[in-house]
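A.B. asks: Sequence and computational prediction follow.
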Amino acid sequence: MVVYLDHAATTPLLPAAITAYAEAMTVVGNPASVHSQGQNAKRMLEEAREHVAASVNSDPIEVVFTGSGTEAINLAIKGLFWARAPRRRILVAEGEHHATLDSVDWLAAHDDALLEWIPLDRLGRINLTALAAAITAHPDDIALITVIAANNEVGTIQPLAEIAALAAAHDIPVHVDAVAAYGHLPIDFAVLSAAGVSAVSLSAHKIGGPVGIGALILGRRTAVVPLLHGGGQQRQVRSGTQDVAAAVSFAVAASAFGAGQRAEHARLEGLRDLVIAGVRRIAPAAILNGDPDSAGRLPGNAHFSFPGCEGDSLLFLLDVAGVSVSTGSACQAGIPEPSHVLRAMGRTAVESRGALRITLGRTTTEDDVAALLRALPAAHAQAERAGMADRVPRA
């Protein structure tokens with residue numbers, strides 16, 4: 001039996017979402033067509049939009065379906081930047097997801113954007129004093145602020161209300177990447193919008209929906225320049241024939257977590273705390289990354305650095321033992337690199353390379369946690385021996 005503890009990467013499809021997807025795929029009709037079959041498809045699409053909107057307390061018209069969370073992030077960042085010309089500055093927190101980092105880097109390379117990097121503290125939380133100083137220095141040249149709601153690696157929750165208040169004082173739009181937080185934390189777009197947040201990015205496959213569909217929750221009065229041009233669907237913001245079946249499946253997943261979110265949050269916190277206690281017992285030198293306070297981190301996230309070990313070694317050894325986890329670090333061209341999130345938090349390169357991300361979800365049980373803790377001692381000992389061997393000087 002394989003124990004799956006990498007829900008931050010993707011979580012299994014809900015059975016009801018699979019059923020809804022399969023049934024909706026048999027429906028013929030383009031939702032932009034005016035005949036009865038097209039209008040039936042449109043009805044299904046708009047009902048799905050209503051359910052997704054309800055999950056974040058937004059108006060249905062504010063839900064713009066996209067092909068992924070990554071597309072939603074690109075649309076928000078690039079679209080806001082272009083719409084706010086001639087303003088050129090983007091304030092972006094260090095340690096963001098690569099969908100954000102690569103989007104702003106592209107704008108800097110191709111569109112003369114000026115990037116201002118806002119530092120993180122040791123827990124992975126944005127430095128509000130530095131953010132306020134960056135806003136005060138150039139209030140009239142800032143195109144947007146972009147920030148992740150909760151870090152996808154270490155699980156630290158960002159102070160969105162405080163960030164939005166700083167931005168609102170100078171009428172600066174804020175984009176929130178809520179892909180990692182969606183389904184785990186309450187997201188109330190009406191409240192966020194009133195506070196000054198203009199756009200929130202989501203992804204279906206993080207909550208038990210299908211891969212290949214996301215959403216940008218875009219305030220009805222927020223202007224963005226679209227990435228795609230064509231039929232002018234979805235407020236002229238995202239052209240293209242909409243995937244009705246994926247939207248219906250997304251809606252089922254979005255509706256499923258709403259009522260029981262608080263209870264599931266508490267259940268995952270309990271399991272996560274068992275993981276943290278067990279890891280500390282097995283490897284007392286292990287460093288818990290992110291906020292140690294339950295109120296400050298995602299309920300299903302346990303992220304550790306194991307001094308003297310390589311995270312990739314631990315991952316592969318646990319995988320052989322039947323436990324799937326993640327390092328949470330970026331790999332480019334097959335070469336493991338230290339986590340940019342941990343580096344932004346002040347961790348050393350060695351600490352960053354020895355990272356392991358354990359993330360829990362709807363299907364996680366106490367037996368899964370027990371299986372991880374049974375497999376970890378041998379994996380940790382072997383990875384530690386390998387690390388020591390690598391440090392022995394060769395003659």
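C.D. replies: Yep, that arrived.
A.B. asks: For the longest helix along the chain, list every residue counted as buried.
C.D. replies: In the chain, taking DSSP state H as the definition, the longest helix is helix 366-391. Within helix 366-391, the residues scored as buried using 16 or more other C-beta atoms under 10 Å are D368, V369, A371, L372, L373, A375, L376, A379, H380, A383, E384, G387. Just so you know, the C-beta spots here come from the backbone N, C-alpha and C atoms, and that holds for glycine as well.
A.B. asks: Same check on stretch 100-114?
C.D. replies: T100, L101, S103, V104, L107, A113.
A.B. asks: residue boundaries of the helices in the stretch 201-350 of the chain?
C.D. replies: Taking DSSP state H, counting those that start in this stretch as the criterion, the stretch 201-350 of the chain carries its helices at 244-259, 261-282, 311-320, 340-344, 349-353.
A.B. asks: Which residue ranges of the stretch 1-150 of the chain form strands?
C.D. replies: Under the criterion DSSP state E, counting those that start in this stretch, the stretch 1-150 of the chain contains strands at 3-4, 63-66, 89-93, 114-118, 142-148.
A.B. asks: give the contact list for the residue nearest the centre of the chain.
C.D. replies: The chain has A180 as the residue nearest its centroid, 2.8 Å off, counting by C-alpha atoms, centre = their mean. Neighbour list for A180: A8, H97, I148, A149, A150, N151, N152, G155, K206, L298 [criterion: C-beta atoms under 8 Å, 6 or more residues apart in numbering].
A.B. asks: ok, 6 Å please
C.D. replies: A150, N152 (C-beta atoms under 6 Å, 6 or more residues apart in numbering).
A.B. asks: Adding pLDDT as columns, could you present the buried residues of helix 366-391 in CSV?
C.D. replies: Below are these laid out as CSV (pLDDT from 0 to 100):
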residue, pLDDT
D368, 98
V369, 98
A371, 98
L372, 98
L373, 98
A375, 98
L376, 98
A379, 97
H380, 97
A383, 94
E384, 92
G387, 77
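A.B. asks: Pull the number of nearby residues for the nearest residue to L14 once chain neighbours are set aside.
C.D. replies: Nearest residue to L14, sequence neighbours excluded (C-beta to C-beta, 6 or more residues apart in numbering): G208, at 3.8 Å. Other residues within reach of G208, judged by other C-beta atoms under 10 Å, total 27.
A.B. asks: Please report phi then psi for G208.
C.D. replies: phi 100, psi 10 (degrees, to the nearest 10).
A.B. asks: do you know how far it is from R362?
C.D. replies: 6 Å (C-beta to C-beta, to the nearest Å).
A.B. asks: Same question for A263.
C.D. replies: According to C-beta to C-beta, A263 and R362 sit 12 Å apart.
A.B. asks: Neighbour count for those two, which is higher?
C.D. replies: R362 (18 against 9).
A.B. asks: Please read off the pLDDT at the more buried one from the model.
C.D. replies: Here the pLDDT value assigned to R362 is 95.
A.B. asks: So it versus V56, what's the distance?
C.D. replies: Noted for R362: a distance of 19 Å to V56, by C-beta to C-beta.
A.B. asks: In contact with the residue nearest to L14: list those residues for me.
C.D. replies: Counting by C-beta under 6 Å, 6+ apart, G208 makes contact with T11, L13, L14, A17, A253.
A.B. asks: and if we set it to 10 Å?
C.D. replies: With contact set as C-beta atoms under 10 Å, 6 or more residues apart in numbering, G208 has these partners: 7, 10-18, 183, 249-250, 252-254, 256-257, 361-363.
A.B. asks: picking that back up, now the angle from the longest helix of the chain to helix 311-320?
C.D. replies: 140 degrees (axes from the mean of the first three to the mean of the last three C-alpha atoms, to 10 degrees).
A.B. asks: Quick one: distance of helix 366-391 to the chain centre.
C.D. replies: Computed by C-alpha atoms, centre = their mean, to the nearest Å, the chain-centroid distance of helix 366-391 equals 27 Å.
A.B. asks: That one - contacts with which helices or strands?
C.D. replies: Applying 3 or more C-beta pairs under 10 Å, 6 or more residues apart in numbering; DSSP states H and E, one finds that helix 366-391 contacts strand 3-4, helix 261-282, helix 311-320, strand 323-324, strand 355-359.
A.B. asks: Many thanks, I have nothing further to ask.
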